[in-house]
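**Q** My questions concern the predicted model and sequence given below.
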Amino acid sequence: MSKADELAKLDALRKSGVLTQEEFDAEKAKLLAGNLPSAGSGVSQTRGAEAPQGGGSWQASDGRNYPPEAQPGVPLPPTGSYYVVTPNRGTNGFAVASFVLSILWISGLGSILAVIFALKARSSISRSNGAEGGNGLAIAGLVIGIVGILGAVLFLLLGVALSSVFNSPASNNPVFNTSTTGLPASTAPPTTVVSSSTLPTPTSQPLTAAAVVPTCPPAKGSPTRVVWFTKAPPTCISATSIWDATFETSLGNVVVQMPAAASFAAVNNFVFLADYQYFNGTFFHRVIPGFVVQGGDPTGTGTGGPHNLPGYSFTGNTPPASCTTNPSQSACYQPGDLALANSTGPSTDGSQFFFVLPGGQTTLNTEPNYTIFGQVVSGTSIVEKIGADGSSSGTPTVMVYLLSVTMKQISG
């Protein structure tokens with residue numbers, strides 16, 4: 001997304017009241033200074049171009065209009081809704097329109113020539129053979145001309161209809177395939193609709209309207225979802241505890257084991273957020289085949305929105321620098337690892353995380369800047385399926401939701 005587009009988006013948030021003038025000015029200054037995290041922040045953007053935004057819309061079951069991306073204070077579409085993705089919007093329509101205009105021009109030109117020919121024929125025959133024969137040819141020529149004009153009009157109406165079909169969301173033709181929002185028209189795959197009959201979608205959950213002072217959630221989890229906090233969480237788990245996190249996704253469950261002793265701050269943070277339903281209803285917003293599957297942003301933008309959700313950052317612990325020369329060490333990145341994304345380094349860890357796909361460890365071990373805090377112990381095929389439905393830009397081709405994350409302490 002260009003800076004002009006980002007500024008326009010910020011201005012829209014300001015006008016809608018989501019951003020105050022002071023917040024708008026701060027975000028604008030950061031953007032102009034080049035410090036605003038781009039889509040998929042946390043993993044180096046050299047691995048893929050920034051994912052443009054837009055190109056889709058919700059077909060909501062309750063008839064209301066919802067923005068294509070989650071926003072603070074705006075509920076998610078209800079169950080029964082589906083997301084229409086239109087990356088090639090306009091391309092096929094223009095092609096059809098160009099073809100129809102060509103037919104129209106040829107038909108019109110032919111009609112004009114037919115009329116001229118008929119008139120000349122009438123004049124010529126009238127002088128040489130009498131007016132009666134000339135009138136017959138003139139009438140025939142006029143009929144041909146009228147038929148040609150009517151044909152041109154029909155071609156025009158057909159072109160408008162075809163252009164409308166090719167240039168609109170395929171809401172009546174659900175297809176489970178590979179398509180996405182925001183891909184450039186030159187490389188985007190065909191239009192796709194992912195419906196709730198194919199993939200489960202989350203229930204409507206409004207985002208937190210104001211920052212909350214963090215306290216450890218109840219043992220059974222918070223009954224209220226909170227996504228915006230004033231600071232990092234307090235210590236809520238034992239330093240020797242081991243946890244199983246069950247990621248319930250649209251495609252199935254993934255279980256990740258998290259030993260607190262290996263990365264205490266990261267595991268404590270994840271348990272805290274999961275118990276506050278922070279991840280419920282989010283989706284994997286950045287997916288690069290053979291590299292990573294990234295999620296953990298309630299706004300779905302990869303930036304955390306205007307409040308930089310969860311509203312704080314903390315310092316994690318990264319693999320040893322020796323991973324760059326000896327990546328076979330157990331402490332280095334491996335397929336199935338769960339790690340924290342960050343914007344500028346391990347001191348900017350927050351809520352966004354990523355699964356390492358087979359092949360992704362090769363690149364990650366060249367710059368071990370991301371905190372590892374878990375390993376997939378069940379559901380590897382689900383992670384790899386999500387990873388297959390990505391793109392080189394990071395924009396997912398299928399919107400896969402993280403419906404919930406359930407934590408279970410298994411020891412410690």
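**A** Yep, it's here. Numbering: from 1, shown residues only.
**Q** Got phi/psi on the residue lying closest to residue 23 once chain neighbours are set aside?
**A** Counting by CB to CB, 6 or more residues apart in numbering, the nearest residue to residue 23 once its immediate chain neighbours are dropped is residue 306, at 5.8 Å. For every residue, glycine as well, the C-beta is placed using N, CA and C. Main-chain torsions, residue 306, degrees, to the nearest 10: phi -60, psi -20.
**Q** wait, doesn't residue 384 sit right on residue 357?
**A** Yes - counting by CB atoms under 8 Å, residue 384 touches residue 357, with 6.6 Å between them.
**Q** what about residue 26, which SS state?
**A** The local conformation at residue 26, judged by DSSP: H, G, I helix; E, B strand; the rest coil, is helix.
**Q** which ones are touching it?
**A** Not one residue lies near residue 26 by CB atoms under 8 Å, 6 or more residues apart in numbering.
**Q** what sits up against stretch 251-261?
**A** Contacts for stretch 251-261 (CB under 8 Å, 6+ apart): 199, 237-247, 267-268, 270-271, 338, 355, 373-380, 382-383, 385-386, 400, 410, 412.
**Q** pLDDT value on the residue nearest to residue 23, please?
**A** On pLDDT, residue 306 comes in at 90.
**Q** For it, give its distance to residue 28.
**A** Distance of residue 306 to residue 28, given as CB to CB, to the nearest Å: 11 Å.
**Q** same check, this time on residue 319
**A** 36 Å.
**Q** So which of these two has more stuff around it?
**A** residue 319 (22 against 18; other CB atoms under 10 Å).
**Q** In three-state terms, label residue 409 for me.
**A** strand.
**Q** ok, it - contacts?
**A** 237, 241, 242, 243 are the contacts of residue 409 under CB under 8 Å, 6+ apart.
**Q** can you rerun that using 7 Å?
**A** The neighbours of residue 409, taking CB atoms under 7 Å, 6 or more residues apart in numbering as the test, are 241, 243.
**Q** Do you know the pLDDT at it?
**A** Value for residue 409, per-residue pLDDT: 97.
**Q** Now do it against residue 401, distance only.
**A** 26 Å.
**Q** For stretch 278-296, the averaged confidence score.
**A** 96.
**Q** Show me which positions of that stretch end up buried.
**A** 278-289, 291-296 (16 or more other CB atoms under 10 Å).
**Q** tell me how far the ends of it are from each other?
**A** 8 Å (CA to CA, to the nearest Å).
**Q** all helices for the stretch 201-350 of the chain, in order.
**A** All helices of the stretch 201-350 of the chain, identified by DSSP state H, counting those that start in this stretch, fall at 264-275.
**Q** Is the closest residue to residue 335 other than its chain neighbours in a helix, a strand, or coil?
**A** Excluding its sequence neighbours, the residue lying closest to residue 335 (CB to CB, 6+ apart) is residue 358, at 4.3 Å. Under three-state DSSP, the three-state class of residue 358 is coil.
**Q** Residue 225 versus residue 266, what's the distance?
**A** 21 Å.
**Q** Those two: who's more crowded?
**A** In this view residue 266 and residue 225 are compared by other CB under 10 Å, and residue 266 has more residues nearby, 25 against 16.
**Q** That one contacts residue 373, correct?
**A** Yes - the pair residue 266 and residue 373 qualifies as a contact (CB atoms under 7 Å) at a distance of 3.7 Å.
**Q** Give me the pLDDT for residue 273.
**A** For residue 273, the predicted pLDDT is 98.
**Q** and what of residue 229?
**A** 97.
**Q** my guess is it meets residue 211, correct?
**A** Yes - the pair residue 229 / residue 211 is scored as a contact, 6.0 Å apart, by CB under 7 Å.
**Q** Need the residues touching each of these two.
**A** What both residue 229 and residue 211 touch, as defined by CB under 7 Å, 6+ apart, is the set residue 311.
**Q** Which one's more surrounded, those two?
**A** Between residue 229 and residue 211, counted using other CB under 10 Å, residue 229 has the larger neighbour count: 23 against 17.
**Q** give me every residue that touches the more buried one.
**A** 211, 212, 214, 310, 311, 312.
**Q** Taking the residues you listed, tell me the two that lie furthest apart.
**A** 212 and 312 (11.2 Å; CB to CB).
**Q** Give the helix, strand or coil label for residue 373.
**A** Following three-state DSSP, the label given to residue 373 is strand.
**Q** Helix or strand with the lowest mean pLDDT in this protein?
**A** Across the helices and strands of the chain, mean pLDDT, DSSP states H and E gives its lowest value to strand 192-194, namely a mean of 32.
**Q** pLDDT value on the nearest residue to residue 231 once chain neighbours are set aside, please?
**A** Ranked by CB to CB, 6+ apart and with sequence neighbours excluded, the top spatial neighbour of residue 231 is residue 312, at 5.0 Å. You'll see residue 312 listed with a pLDDT of 97.
**Q** burial measure for residue 312, as a count.
**A** Residue 312: 18 neighbours (other CB under 10 Å).
**Q** One more: residue 235?
**A** 11.
**Q** Residue 358 now?
**A** 16.
**Q** where does this structure dip in pLDDT?
**A** Across the chain, the ranges flagged by pLDDT under 70 are 1-7, 9-10, 12-13, 15-19, 29-145, 147-148, 151-153, 155-156, 158-206.
**Q** Let me see the domain layout of it.
**A** Following automatic domain parsing, the chain resolves into domains at 1-36, 91-166, 199-411.
**Q** Now the residue lying closest to residue 365 once chain neighbours are set aside. Its backbone dihedrals?
**A** Leaving aside its sequence neighbours, residue 365 sits nearest to residue 327 (CB to CB, 6+ apart; 3.9 Å). As for residue 327, its main-chain torsions (degrees, to the nearest 10) stand at phi -70, psi 0.
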